[in-house]
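[1] Need coordinates for the following:
(one chain, ligands or ions: 2)
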Amino acid sequence: MGRYGERQAEEVSATDAQHDVVVIGGGPGGYAAALYGAGIGLDVGLIENNILGGTCLNVGCIPAKELLETAHVFRTVQHAAKFGVNASEPELDWSVTLQRKQGIIDQLVGGLASLLKSKKVTVYDGTGSLGPNRLVTVSGADGRQLTITGNSVILATGSQPRTIPGFEIDGQLVVTSDELLSITQLPASAVVIGGGAIGCEFASMMGDLGVNVTILEALPQILTGCDPDATRVVERSFKKRKIISRTGVMVGGHTPSADGRSTTVAFGDGELIDVELIVMSVGRRPYADRLGLEGTGVQLDDRGFVVADGRCRTGEPGVWAVGDIINTPALAHVAFAEGMLAIRDILGEEPTPLVHHGTPWCIYCHPEVAFAGHTEESAKEAGFDVVTSKHSFSGNGRAKIVGETDGVVKVIAEKRPDGTGGRILGVHMVGPWVTEQLGQGYLAVNWEATVDDVAAFIQPHPTMSEMFGETIMSLTGRSLHG
Ligand code: FAD
Ligand code: NAI
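    Ligands and ions are numbered 1, 2, ... in the order given. Modelled structure (predicted):
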């Protein structure tokens, strides 16, 4: 038996390995398809060549958020005296942090394995590659192979970090998220190349834990895609915490010191910075490298994504693709949704394609950012006449109690002839716990609710969600505290 009680290559002959659905890749896209399909009664085989849970559970969402939570606890202890709780200066025991992070991963991966087993999903430990007629070859690490067929096949092989020329990943001076999440000692200083979701989360985490961090971002703002009103709040908070963000700069290369303990990064107009660590967070690339695909109608686009339609169907009949391997938002919850959508399509339910414009985004840097739908700019570009309203957390009772009042809720709505708001087009939040508050905004945008619909609902008091209620209400032309 293999790691998860799965069948090993030699245990199954080519003739008896036939499933309703064969899924290649055991990350969120693949395991969601497997669990959902098996729950409906399909016989599912799932192939994973590394660790179940994929990027998300092992080197993505879960460990990154755990380390950010450590940073949160550190900040809380630093500021405890403001609450009359006198604690000594916090000291970080990074080895305990790493153990806690790994413990959470292990529990989640173990839970997933048990769930798959209880739903009778057959898990194959090996690399899956697809040939014609939905024939999948599973190659074990020991070189043994078996072939299995699926009435339907789902490709869910995810993505991998990418880097840029001049910054080879060596795991010492230059790392990606994969290495940083298990680094045995935090550096004194770091450059984070790329100020997107990964860059800002890591910069925030390291900055709070005492690392001197500089973000080097090529575009004019960090967190491109977020409403600039939200980004400004993050930038201000980073600045207060001495996390430097340099935007609109290109990086040249880097020159390690003679002792190999630090390196000098060249960027912008001849500027240099000495750091102990370079973190590359310039995006990820789809990972179809070991999928085979010869003789099939599955196509890759010029960036390496598997080409799929709105129902995740590829060019090969009976073959779907979900998650980071296709060109939709590279998020675990999108992968989950696509995995389930593919199963529903396999069952002939003709599911409605996902509308990615309304996808919820949550970024867990401090302060957190969360949004769904149009920014003010994108709504105008799409031809909407818009009206917006913004409310700051500085007036919110719960935010004051928690001691975190940096933040804004902004709602973008279609403008009615009388100047009030009609349909809600976008909800953008930055501030305390907004990743837990976005739910109402997500529903409002995707339900195509109007300002009047939502203003009629009661928000519990005292909560931070009162800011959402207040912002919506002011778009009706009336207000309570505003
Ligand atoms: P993956 O999770 O990459 O899983 C693919 C799996 O397929 C892997 O286990 C791989 O080993 C396996 N595989 C690959 N090729 C083969 C093959 N040929 N045969 C067998 N197995 C194969 N998203 C969020 O929504 N929220 C977050 O907070 C968040 N934080 C993130 C933080 C970091 C640092 C990173 C890197 C990513 C984060 N993401 C987050 C993105 C999220 O992790 C991905 O969108 C998600 O994991 C994609 O799921 P997937 O199933 O498509 O691919
Ligand atoms: P990203 O696409 O979010 O950001 C990459 C950034 O690097 C961009 O701002 C880009 O302009 C910049 N960049 C690219 N080349 C550069 C160069 N040569 N010099 C300087 N800057 C450069 O990619 P990231 O942060 O690597 O994350 C990958 C994906 O993982 C995200 O897009 C997201 O889908 C997912 N993710 C989601 C999270 C969440 O939901 N909380 C957290 C982390 C990742």
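[2] For the helix or strand where Thr149 lies, list every residue counted as buried.
    Counting by DSSP states H and E, the element that carries Thr149 is strand 145-155. When neighbours are counted by 16 or more other Cβ atoms under 10 Å, the buried residues of strand 145-155 are found to be 146, 148-150, 152-155. From N, CA and C alone the C-beta is placed, and that goes for glycine too.
[3] In the stretch 301-450 of the chain, which residue sits nearest ligand 2?
    Using Cβ to the nearest ligand atom, the point where the stretch 301-450 of the chain gets nearest to ligand 2 is Ala330, with a distance of 3.5 Å.
[4] which residues sit in contact with the residue nearest to the spatial centre of the chain?
    Centre of the chain computed as the mean C-alpha position; nearest residue by Cα atoms, centre = their mean is Leu331, 4.3 Å away. Taking Cβ atoms under 8 Å, 6 or more residues apart in numbering as the definition of contact, the neighbours of Leu331 are 359, 361.
[5] any idea how far it lies from Gly297?
    As judged by Cβ to Cβ, to the nearest Å, Leu331 and Gly297 stand 27 Å apart.
[6] returning to that earlier point: quick one: residues contacting the residue of the stretch 301-450 of the chain closest to ligand 2.
    Here Ala330 is in contact with 159, 284, 324 (Cβ under 8 Å, 6+ apart).
[7] residues from the stretch 251-400 of the chain in reach of ligand 2?
    Within the stretch 251-400 of the chain, the positions lying close to ligand 2 (Cβ under 6 Å from any ligand atom) are 251, 281-284, 329-331, 362-364.
[8] Need the buried ones from those selected in ChimeraX.
    Selecting just the buried residues from those in ChimeraX takes one command, with 16+ other Cβ under 10 Å as the test:
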select :251,281,282,283,284,330,331,362,363,364
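[9] Quick check: the farthest pair among the residues of the stretch 251-400 of the chain next to ligand 2?
    Of all pairs drawn from these, the one with the largest separation by Cβ to Cβ is Val251 and Cys362; the distance is 27.9 Å.
[10] Where does the stretch 251-400 of the chain get nearest to ligand 1, residue-wise?
    In the stretch 251-400 of the chain, the residue found nearest to ligand 1 is Gly323; the distance is 2.1 Å by Cβ to the nearest ligand atom.
[11] Confirm for me that that residue is in contact with Gly27.
    Yes. Using Cβ atoms under 8 Å as the test, Gly323 is close enough to Gly27 to be in contact (6.4 Å).
[12] shared neighbours, those two?
    156, 158, 335.
[13] Counting neighbours, which of the residues you listed comes out on top?
    Ala156 (34 neighbours; other Cβ atoms under 10 Å).
[14] Angles on the backbone of it, please.
    When quoted as degrees, to the nearest 10, the phi and psi of Ala156 stand at phi -150, psi 50.
[15] dump the residue contacts of it.
    Ala156 sits in contact with 23-27, 29-30, 33, 321-323, 325, 335, 339, where contact means Cβ under 8 Å, 6+ apart.
[16] Out of those, which sit inside helices?
    29-30, 33, 335, 339 (DSSP state H).
[17] pLDDT added to those residues, as TSV?
    Compiled in TSV, the ones in helices among the contacts of Ala156 are given as follows (pLDDT from 0 to 100):
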residue	pLDDT
Gly29	98
Gly30	98
Ala33	98
Ala335	98
Gly339	98
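[18] Farthest-apart pair in those, please.
    Longest distance between any two of these is 9.2 Å, between Ala33 and Ala335; criterion Cβ to Cβ.
[19] what do these two both touch?
    The contact sets of Ala33 and Ala335 overlap at 156, 322 (Cβ under 8 Å, 6+ apart).
[20] Within the helices and strands, which one has Gly441?
    helix 438-446.
[21] Other residues contacting that helix?
    By Cβ under 8 Å, 6+ apart, helix 438-446 touches 355, 358, 360, 362, 370-373, 411, 424-427, 429, 449, 453-454, 465, 468, 472.
[22] how far does stretch 39-46 sit from the chain's center?
    26 Å (Cα atoms, centre = their mean, to the nearest Å).
[23] Are it and ligand 1 in contact anywhere?
    No. Using Cβ under 6 Å from any ligand atom, stretch 39-46 never reaches ligand 1; the gap is at least 9.0 Å.
[24] isn't Ala188 right up against Val211?
    Yes. Proximity of Ala188 to Val211 meets the contact threshold set by Cβ under 8 Å, at 6.7 Å.
[25] Between these two, tell me which one has more neighbours.
    More neighbours surround Val211 than the other of Ala188 and Val211, with 20 against 12 (other Cβ under 10 Å).
[26] what's the distance between the more buried one and Gly194?
    Looking at Val211 against Gly194, where the rule is Cβ to Cβ, the gap reads 17 Å.
[27] Next: Gly383.
    Here Gly383 is placed at a distance of 32 Å from Gly194 (Cβ to Cβ).
[28] can you pull up the bridge partners for Asp125?
    Beta-bridge partners of Asp125, counted by DSSP bridges, are Glu48.
[29] quick one on the thing from earlier: confirm that the residue of the stretch 301-450 of the chain closest to ligand 2 sits in a helix.
    No. Looking at Ala330 with DSSP: H, G, I helix; E, B strand; the rest coil, it is coil, so not inside a helix.
[30] where does Val355 land on pLDDT?
    Val355 is assigned a pLDDT of 89 by the prediction.
[31] State the phi and psi torsions of it.
    Note on Val355: its backbone torsions stand at phi -100, psi 100 [degrees, to the nearest 10].
[32] Tally up the residues packed near it, please.
    When counting by other Cβ under 10 Å, one arrives at 11 neighbours for Val355.
[33] Now for it: which residues touch it?
    Shown in contact with Val355 (Cβ under 8 Å, 6+ apart): Asn446.
[34] From Trp447, how far off is it?
    With Cβ to Cβ as the criterion, Val355 and Trp447 are 12 Å apart.
[35] same thing with Phe468?
    Taken as Cβ to Cβ, the spacing of Phe468 relative to Trp447 amounts to 15 Å.
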